[in-house]
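Novice: starting from these lines, generate the structure:
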Amino acid sequence: MSPRSKYNIIFMRDDAQVRRFRLGSAWIRVAIWLLALLMLAAGGGLYAGFRYWSANAALVDEKRGLERRLIDAEVQLERLGNVEKILRSHDPKDVQDLIQAGNMAERERTAPPPSPPNLGEIFAYQNLRQAGVENIQARLVNSSMQVRFDLNNLIADTTLSGRVDFHVILNSGRMERVSAPEADLVFSIQRFKRIQATFNLPTGVERGDLFGVRVVISGQDGNPIYSETYPLSRIVS
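Specialist: Sure, this is the predicted structure:
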């Protein structure tokens, strides 16, 4: 292409005369370079804008994190200030209350969750056909319970010896063993015996907390020969 070469640009309209413009090759090169520079400038501007936007977003997130940490630090400082005021007052009662509150909060955070009740253990039924229980009744008096029933020896011509143990079942599913006088629990019978035992309810347990009573009868060797759980709604007189 000669430097003196010219390009003709013709504009034609239906309702006007034909117009022709002549441009040198140098002006075409300049226009191309200017267009390329404009595209590069636009791309650089977009890239710089994206970089600045990303940096600004990171700064905003960092600012929010610092604000949250500052708020937490202010709360902690306020608590420490209250502790300092209590310690300066030399009031033993306030100091003791503060220590107990902290210990209780720590125990609540570290205490394991309660295990679910073992329904299989609570409602397991066992009957080796050696002892029979009939006419079981229970009576609640204040914080104690009296349980009575007829214990039958189902083995002919043999003395049945052993002991009876009682467990109370709470509505929460917890089962607790209770104690009664030993003379009311042991037996040695040929045919039958009227069992009657009175025991205190576990500490803190009220009548509304009770679901039932579990009776476990063991033989002379200590192994259970009869066990059953009785809901109070069926046996309370």
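
Novice: tell me which stretches of this protein form helices.
Specialist: 25-89, 92-110, 119-122, 182-185, 232-235 (DSSP state H).

Novice: go through the last one and flag the buried ones.
Specialist: For helix 232-235, burial by neighbour count (16 or more other C-beta atoms under 10 Å) applies to 232, 235. C-beta coordinates here come from the backbone N, C-alpha and C atoms, glycine included.

Novice: and the helices of the chain, which one is worst for confidence?
Specialist: For the helices of the chain, mean pLDDT drops lowest on helix 92-110, to a mean of 61.

Novice: OK, contacts around the nearest residue to E134 once chain neighbours are set aside?
Specialist: Excluding the flanking residues, the one nearest E134 by C-beta to C-beta, 6 or more residues apart in numbering is D150, at 4.5 Å. By C-beta atoms under 8 Å, 6 or more residues apart in numbering, D150 lies in contact with 133-135, 192-195.

Novice: and D150, bridged to which residues?
Specialist: Under DSSP bridges, the beta-bridge partners of D150 are E134, R194.

Novice: with V216 instead?
Specialist: Those that pair with V216 in a beta bridge, by DSSP bridges, are D165, S227.

Novice: could you tell me how many residues sit around it?
Specialist: Neighbourhood size, V216 [other C-beta atoms under 10 Å]: 18.

Novice: my read: it touches R163, true?
Specialist: No. Using C-beta atoms under 8 Å as the test, V216 is too far from R163 to be in contact (9.1 Å).

Novice: follow-up on the earlier one: per-residue confidence for the residue nearest to E134?
Specialist: Looking at D150, its pLDDT reads 96.

Novice: how far away is it from T158?
Specialist: Using C-beta to C-beta, to the nearest Å, D150 is found at 18 Å from T158.

Novice: go on, F149?
Specialist: From F149 to T158 the distance is 21 Å (C-beta to C-beta).

Novice: okay, those two: which has more neighbours?
Specialist: Counted by other C-beta under 10 Å, F149 and T158 do not tie: F149 has more neighbours, with 21 against 10.

Novice: any idea how this structure splits into domains?
Specialist: 73-110, 119-235 (automatic domain parsing).

Novice: closest to R64 out of these?
Specialist: Ranking the domains of the chain by proximity to R64 (C-beta to C-beta) places domain 73-110 first, at 14.9 Å.

Novice: what about R174, neighbour count?
Specialist: R174 has 15 neighbours, counted by other C-beta under 10 Å.

Novice: kindly report the same for S179.
Specialist: Residues near S179, counting by other C-beta under 10 Å: 11.

Novice: nearest residue to it in space, please, no chain neighbours.
Specialist: Nearest one to S179, counting by C-beta to C-beta, 6+ apart, is F199 at 6.0 Å.

Novice: next, format the domains of the chain as TSV and append distance to I9.
Specialist: Converted to TSV, the domains of the chain look like this (distance: least, C-beta to C-beta, whole Å):
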stretch	distance to I9
domain 73-110	72
domain 119-235	96
